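Colleague: here is my input; please provide its structure:
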Amino acid sequence: MALHFALRQLGKTTFLINPGPTPEKYALVDPRNEIEVFSPGKSLPKVDAVLIFDTNELSMMGPLAVPLQSLSVPLSFIDHHVPSSELTPISYADPTKAATSELVYELMEKLGAPLSFESALGLYVAVTTDTGGFRYARTSPYTHRMVASLIEKGVAPEEVQRSIYARETLAKLKLLGHTLEATQLSEGGAIAWVTISLADRLRYGATVEDTESFLGLLGNLQGVRMALLFREEEGGKVKLSARGYDGMEVLGLASVYGGGGHRFSAGARVEGTLMAVASQVVSSAKQLSLK
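Modeller: This is a model prediction of the structure:
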C-alpha cells in the first residue's frame, strides 16, 4: 500500500491484487478498499511489471502464481527473507533488513517519491508487525530512524496498535488458554513447544489467524532459546512455526522439512499427523540446540 500511494503520486498506474482477503485488523491501510482478491480464472490486467512483497517464492502466491507467470513481464521480489533460487535479477532483496517495509522505504527514496501520510501509515503497520513490535534481533538504528520519519508524517502509534492488537475474540482467548495449558519444555528448558489440533481450533471457533500470536508467548519463558508451534491443517499437513532467541537459528530446522524464512523466524508445512510431526521436529530441534 505504501508503494502504491507513492507510485500513484509519480503518475504510475498500479493494481493491487492478493491471493486472499486482507485481515480486518489491517483494513486501516486500505481505506478505499483498493486491494482486489484474485478469483481463479479471472484475467489479470496488462502491466509492465509485477512486484511481489515479503516473499521470494512464487508458490507463496497460491492461485496467483501461474497467472503471474503467464503475463511474461519482468517480475521483482521485494523481500527480506533468505534468498531462494527463484529470486529474479531485478529483485530488491536484503536478508539483513528487519522488515520488507525498510526496503520499500529505501526504494521510495531512490525513486524520489514523496512520503505521504498514507504511505507512512502502510510502512508503519508493516514494520511494527514484521519486527514483533521492534523486539526481533534485526531491529536496527535504521529501523527506528525510519519509524521516526513516519511518525513525523502524522502516524499515531497508539491508534495503530489499538487497531491491530486490541481486537481479541473470546474464541481466541479460550483456544490460547487451552493451548498454553499443554505447553511442553525440553529437558533444561531451552525448547518450548505447543500443538494445536484442527478439532480444538474448530471447537473453540478460532481462526488460523488467531493462532499466529501464540508462538511469541513461548519465547517469554525464562531460558527458552527456541519456540515451536505445530498447527494441524486440513489435508493431512501440519504447519510448523519456529522462532529462535539468543542467537539460536531456526532456518536450518525449517529447511530440513522443506520450509524457509529468516535465520531466527522460519516455518514449514509438513505432511503427517500432528503428534508424529511434533515428535519428529522436536527431536531434530534438540539435536540442533546441542550444536
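
Colleague: which residues sit against the helix or strand that contains residue 238?
Modeller: For residue 238, the enclosing helix or strand under DSSP states H and E is strand 237-244. Residues lying outside strand 237-244 but in contact with it, judged by CB atoms under 8 Å, 6 or more residues apart in numbering, are 212, 215-216, 218-219, 225-233, 250, 253-254, 257, 259, 261, 263-274, 277-278, 281, 285. No exception for glycine: its C-beta is placed from N, CA and C like everyone else's.

Colleague: so among those residues, which ones count as buried?
Modeller: With neighbours counted using 16 or more other CB atoms under 10 Å, the contacts of strand 237-244 contain these buried positions: 215-216, 218-219, 225-232, 250, 253-254, 257, 259, 261, 263-268, 270, 272, 274, 277-278, 281, 285.

Colleague: taking these one by one, which sit in strands?
Modeller: Counting by DSSP state E, the members of these that fall within strands are 226-232, 261, 265-268, 270.

Colleague: which helix in the chain runs the most residues?
Modeller: What stands out as the longest helix in the chain, according to DSSP state H, is helix 274-289.

Colleague: chain center to that one, what's the gap?
Modeller: Distance, stretch centre to chain centre, for helix 274-289: 23 Å (CA atoms, centre = their mean, to the nearest Å).

Colleague: and for stretch 273-291?
Modeller: In terms of CA atoms, centre = their mean, the gap separating the centre of stretch 273-291 from the centre of its chain is 23 Å.

Colleague: do the same with stretch 73-91
Modeller: On the basis of CA atoms, centre = their mean, stretch 73-91 is displaced by 16 Å from the centre of the chain it belongs to.

Colleague: show the end-to-end separation of it, please.
Modeller: From its first residue to its last, stretch 73-91 covers 13 Å (CA to CA, to the nearest Å).

Colleague: mean confidence score for it?
Modeller: If you average the pLDDT over stretch 73-91, you get 86.

Colleague: run through who's touching that stretch.
Modeller: Outside stretch 73-91, the residues that touch it by CB under 8 Å, 6+ apart are 47-58, 68-69, 92-100, 102-104, 107, 130, 251, 260-263.

Colleague: which of those count as buried?
Modeller: With neighbours counted by 16+ other CB under 10 Å, those contain buried members at 50-58, 68, 92-93, 97-100, 102-104, 107, 130, 251, 260-263.

Colleague: which residues touch the spatially most central residue of the chain?
Modeller: Centroid-nearest residue in the chain: residue 130, 6.5 Å away (criterion: CA atoms, centre = their mean). Residues touching residue 130, when contacts are defined by CB under 8 Å, 6+ apart, comprise 54, 80, 98, 99, 100, 101.

Colleague: count residues in the vicinity of the second one, would you?
Modeller: In other words, residue 80. Here the number of neighbours of residue 80 (other CB atoms under 10 Å) works out to 22.

Colleague: so what's residue 47 closest to, chain neighbours aside?
Modeller: Once its chain neighbours are removed from consideration, residue 47 has its nearest residue in residue 73; the separation is 6.1 Å (CB to CB, 6 or more residues apart in numbering).
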